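*Asks:* Okay, predicted coordinates and the sequence, questions at the end:
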Amino acid sequence: GQNIDQPTEMTATEGAIVQINCTYQTSGFNGLFWYQQHAGEAPTFLSYNVLDGLEEKGRFSSFLSRSKGYSYLLLKELQMKDSASYLCAVRQDQTGANNLFFGTGTRLTVIP
Amino acid sequence: DGGITQSPKYLFRKEGQNVTLSCEQNLNHDAMYWYRQDPGQGLRLIYYSQIVNDFQKGDIAEGYSVSREKKESFPLTVTSAQKNPTAFYLCASSMIAGGHHEQFFGPGTRLTVL
């Protein structure tokens, strides 16, 4: 079967660092995406990993280990506006289709 | 400005009625997608289209229909056969050729069936 696991909820303090984990078991793998979604709004793209290792983009970094079926999103210097859901998604198809399989998302609350 | 639009933002319908949700993009993207989002669940793929006049069923296509007569447009019809139509519906688009291409999402339509 196919499955993506993320924690349902997390809470962190403004200015701190938080790591959101994602583990996946999918029928294929051709990249992993992280999206941010504020309540009632559209998801927005944060990061993409297809090879093992760390991708850094400002305050956000994402890590991938394909052998472990594991990724994490690291958010540094947390701000109140980072309170949102973070969605992990896997692209499975290697034939050219760009379909994504999404996890249920992790709702992050940043407190003062 | 380039982007993807959905209308309306909120939609109310009586049970048993068909309803069509609009999705338009001017990003010149080849592929378009429809997702459904329910509380506590991830985005689930309803239908997708990689080229005009062609579309494929996603994981939860039953009770839905789509068309792709123009590259820019991918409307979704929620039919009376859909047993639990109340949900947040998201449309997305992306390129598909060459390299990684993230999906860009519209603002969503919240459908409530009374």
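*Replies:* Arrived safely, thanks for sending.
*Asks:* residue closest to the middle of chain B?
*Replies:* With distances taken as CA atoms, centre = their mean, residue B:34 lies nearest the centre of chain B, 2.7 Å away.
*Asks:* for the closest residue to residue B:16 other than its chain neighbours, what are its contacts?
*Replies:* Excluding the flanking residues, the one nearest residue B:16 by CB to CB, 6 or more residues apart in numbering or on different chains is residue B:80, at 4.9 Å. For glycine as for every other residue, the C-beta is placed from the backbone atoms N, C-alpha and C. When contacts are counted by CB atoms under 8 Å, 6 or more residues apart in numbering or on different chains, residue B:80 touches B:15, B:16, B:17, B:18.
*Asks:* What parts of chain B come near chain A?
*Replies:* B:31, B:33, B:35, B:40-45, B:48, B:50, B:58, B:88, B:90, B:94-97, B:100-108, B:110 (CB under 8 Å from any CB of the partner chain).
*Asks:* number of nearby residues for residue 69?
*Replies:* Looking at chain A here, since you left the chain open. 18 (other CB atoms under 10 Å in any protein chain shown).
*Asks:* Let me rephrase: I mean chain B.
*Replies:* 10.
*Asks:* got it, and residue B:53?
*Replies:* Look at residue B:53: counted by other CB under 10 Å, it has 9 neighbours.
*Asks:* what's the closest non-adjacent residue to it?
*Replies:* residue B:68 (6.1 Å).
*Asks:* how about the one you found, phi and psi?
*Replies:* Dihedral angles of residue B:68 (phi, psi; degrees, to the nearest 10) stand at phi -140, psi 70.
*Asks:* Surely it touches residue B:48?
*Replies:* No - Residue B:68 lies out of contact with residue B:48 (CB atoms under 8 Å); the separation is 9.6 Å.
*Asks:* what's the overlap in contacts for the two?
*Replies:* B:32, B:55.
*Asks:* Could you check which of the two has the larger neighbour count?
*Replies:* Higher neighbour count among residue B:68 and residue B:48: residue B:48, with 26 against 20, using other CB under 10 Å.
*Asks:* Can you pull the poorly scored residue ranges out of chain B?
*Replies:* Applying pLDDT under 70 to chain B flags residues B:1-2, B:98-100.
*Asks:* What residues does the residue lying closest to residue A:22 once chain neighbours are set aside make contact with?
*Replies:* Leaving aside its sequence neighbours, residue A:22 sits nearest to residue A:88 (CB to CB, 6+ apart; 3.6 Å). Listed by CB under 8 Å, 6+ apart, the contact partners of residue A:88 are A:4, A:6, A:20, A:22, A:24, A:32-34, A:71, A:73, A:102-103, A:105-106.
*Asks:* same thing with residue B:82?
*Replies:* Applying CB under 8 Å, 6+ apart, the residues near residue B:82 are B:62, B:63, B:64.
*Asks:* cutoff 10 Å now
*Replies:* Shown in contact with residue B:82 (CB atoms under 10 Å, 6 or more residues apart in numbering or on different chains): B:18, B:19, B:36, B:46, B:60, B:62, B:63, B:64, B:65, B:111, B:113.
*Asks:* and residue 56, how many neighbours does it have?
*Replies:* This is for chain A. Other residues lying near residue A:56 total 12 when counted by other CB under 10 Å.
*Asks:* Switch to chain B, please.
*Replies:* Neighbour tally, residue B:56, other CB under 10 Å: 13.
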